[in-house]
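1. sequence? don't have it. structure:
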């Protein structure tokens, strides 16, 4: 199958799932005019079960194309650092969803943060127009690559090497700000850059993306969760706790559990219910949860990346034994958050939003002004320093 056929197959897959947004038909046109392979390097990376291995276009174009056009949900890894992915061409479905959430119009001035290979900036420029998009990228090599590919596509996009956490390009004002890497807290510089009425779309944490609108007085920005997806982490912030057995063992250590108790709860939903997982992420934002299934049921391993851990071991008949240790009882925190979510009527992902001010940032449910709310832990930590 050649690239044209693969592009068409991915287009049809998104169409069958209803993922081409009705309010933004320009996105389908832009993706057709500027397909993702125009912005992909000659070497991609694939997980083989043990490590990331290279997939080179010259050696095997079929495999290379498979990485790019696998499904609407599949990102293509373009850079690996220290054995872990550090950049990618994001999944087409997620890119389209985020740009749709941006409510982008011709003539808007756009700040594209975390430019990567330049594809997101290219699609934004197709809509906004020549000279209306500025892209910043922390990695000089990625910025050079994006600059080259954007020029080859005939697009007038400025690409700068800069830290978007502290630096607004040109010190200017933008109608739209879009980030392509995950942050735990929104830098206030982004809100200042957007200004009153501006819109900011960014991936929050490890699960989804949010669209904020800056208030008329410029002193806050607030908005709803827009969609799900996993993203590369902010390179300028603290390294987020990672999942997997190695990270868990590093926190767990070798000592005995400090507490043990039985829980009459089936953990199947912790494995499969995205609404529950998101709610737990909001309520206990530093908890890293991994699950596994055997004949007894679903078990879970939890840690905070620092000093606290919990193991929920399925023992059959819908029963689970909880062992935990460390500075806090993070397993109990998750159980309380789970019960709270049920008490609130099992809200969906899209019932949540985020508000940002200079002093604090918090997630909220249903109503930004007087609904249930949870402080974002990174914001709280920053305020205390």
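-> Structure received. Not measured: the values here are computed from a predicted model. Numbers count the residues shown, from 1 in each chain.
2. C-alpha only now, for contacts and for neighbours.
-> Noted.
3. Quick one: residues in contact with the host helix or strand of residue 44.
-> Element membership for residue 44 (DSSP states H and E) is strand 43-47. Strand 43-47 is touched from outside by 52-57, 64, 67, 76-80, with contacts defined as CA atoms under 8 Å, 6 or more residues apart in numbering.
4. just checking, next helix/strand downstream of that strand?
-> strand 52-56.
5. Centre of the chain to that following strand, how far?
-> On the basis of CA atoms, centre = their mean, to the nearest Å, strand 52-56 sits 23 Å off its chain's mean C-alpha point.
6. Tell me which stretches of the stretch 101-250 of the chain form strands.
-> 110-113, 133-137, 157-161, 176-179, 199-204, 208-214, 221-228 (DSSP state E, counting those that start in this stretch).
7. could you dump those strands to JSON lines with mean pLDDT, mean neighbour count and distance to residue 245?
-> Below are the strands of the stretch 101-250 of the chain laid out as JSON lines (pLDDT from 0 to 100; neighbours: other CA atoms under 10 Å; distance: least, CA to CA, whole Å):
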{"stretch": "strand 110-113", "mean pLDDT": "97", "mean neighbour count": "27", "distance to residue 245": "32"}
{"stretch": "strand 133-137", "mean pLDDT": "96", "mean neighbour count": "26", "distance to residue 245": "32"}
{"stretch": "strand 157-161", "mean pLDDT": "96", "mean neighbour count": "20", "distance to residue 245": "36"}
{"stretch": "strand 176-179", "mean pLDDT": "97", "mean neighbour count": "25", "distance to residue 245": "30"}
{"stretch": "strand 199-204", "mean pLDDT": "95", "mean neighbour count": "26", "distance to residue 245": "24"}
{"stretch": "strand 208-214", "mean pLDDT": "96", "mean neighbour count": "24", "distance to residue 245": "24"}
{"stretch": "strand 221-228", "mean pLDDT": "94", "mean neighbour count": "22", "distance to residue 245": "24"}
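8. Can I get these in TSV including distance to residue 296?
-> Formatted as TSV, those follow (distance: least, CA to CA, whole Å):
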stretch	distance to residue 296
strand 110-113	46
strand 133-137	47
strand 157-161	52
strand 176-179	42
strand 199-204	34
strand 208-214	31
strand 221-228	30
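9. which one of those strands lies closest to residue 308?
-> Nearest to residue 308 among the strands of the stretch 101-250 of the chain is strand 199-204; the distance by CA to CA comes to 23.2 Å.
10. Please compute how far that closest one lies from its chain's middle.
-> Distance, stretch centre to chain centre, for strand 199-204: 10 Å (CA atoms, centre = their mean).
11. and what of stretch 191-202?
-> The answer for stretch 191-202 is 19 Å, by CA atoms, centre = their mean.
12. First residue to last residue on that stretch, what's the distance there?
-> 12 Å (CA to CA, to the nearest Å).
13. same question, stretch 18-26
-> First-to-last residue span, stretch 18-26, CA to CA: 15 Å.
14. neighbouring contacts of it?
-> With CA under 8 Å, 6+ apart, stretch 18-26 has contacts from 14, 27, 28, 93, 96, 97, 100, 127.
15. could those go into TSV alongside distance to residue 345 and neighbour count?
-> Output for the contacts of stretch 18-26, formatted as TSV (distance: CA to CA, whole Å; neighbours: other CA atoms under 10 Å):
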residue	distance to residue 345	neighbour count
14	31	19
27	35	22
28	37	19
93	29	20
96	31	23
97	27	20
100	29	20
127	40	19
